[in-house]
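Asks: structure for the following, please:
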Amino acid sequence: MRGLTFLVLTAVAGIGFNIATPKAEAQDSVEIGVAPDCPYGYYDVAPYSCAPTGYYGPEWFNGDGFIGAGPWFHGASGFQGNVNNRLHPDHGYKGPAPKRGEKAEPSKRVDSAHFQGNEARDGRGHVAEHKK
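Replies: You can find the predicted model right below:
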């Protein structure tokens, strides 16, 4: 009888602890916010700083609008565009870069005849096969 009483009290205590324990709910929410407002595009890696004119080739623009990079990329799935990675901080660039919200200067827009690209990227932060 003593063993049965102990078993019942243990079961009641276990149920009480289960009821009192708060339930943890998984939250799979990703908030990326809005794309940075940069006149010549932004780098495709965090912290998504504004890229200087000449980093992205003309294929990265639809008219005056940057097609995006990183989480805000909205180009074609097979897209490959040229960049000048000498103008990337990961490659030692410490020169001037525009601030967010600055307006593009038409005289600084790089056209295909004057672009000095040396690497092809896919818009999602990956180096792609060089586009010829």
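Asks: count the residues that sit near residue 78.
Replies: Close neighbours of residue 78, defined as other C-beta atoms under 10 Å, add up to 7. Glycine gets a C-beta too; all of them are placed from N, C-alpha and C.
Asks: isn't residue 44 right up against residue 125?
Replies: Yes: using C-beta atoms under 8 Å, residue 44 makes contact with residue 125 at a distance of 4.4 Å.
Asks: can you list residues touching both of these two?
Replies: Residues touching both residue 44 and residue 125 by C-beta atoms under 8 Å, 6 or more residues apart in numbering: 69, 70.
Asks: more neighbours: which of these two?
Replies: Set residue 44 next to residue 125 and count neighbours by other C-beta under 10 Å: residue 44 wins out with 22 against 14.
Asks: can you tell me the SS state at the more buried one?
Replies: At residue 44 the chain is in coil, as set by DSSP: H, G, I helix; E, B strand; the rest coil.
Asks: and for the one 3 residues further on?
Replies: The assignment at residue 47 comes out as coil when based on three-state DSSP.
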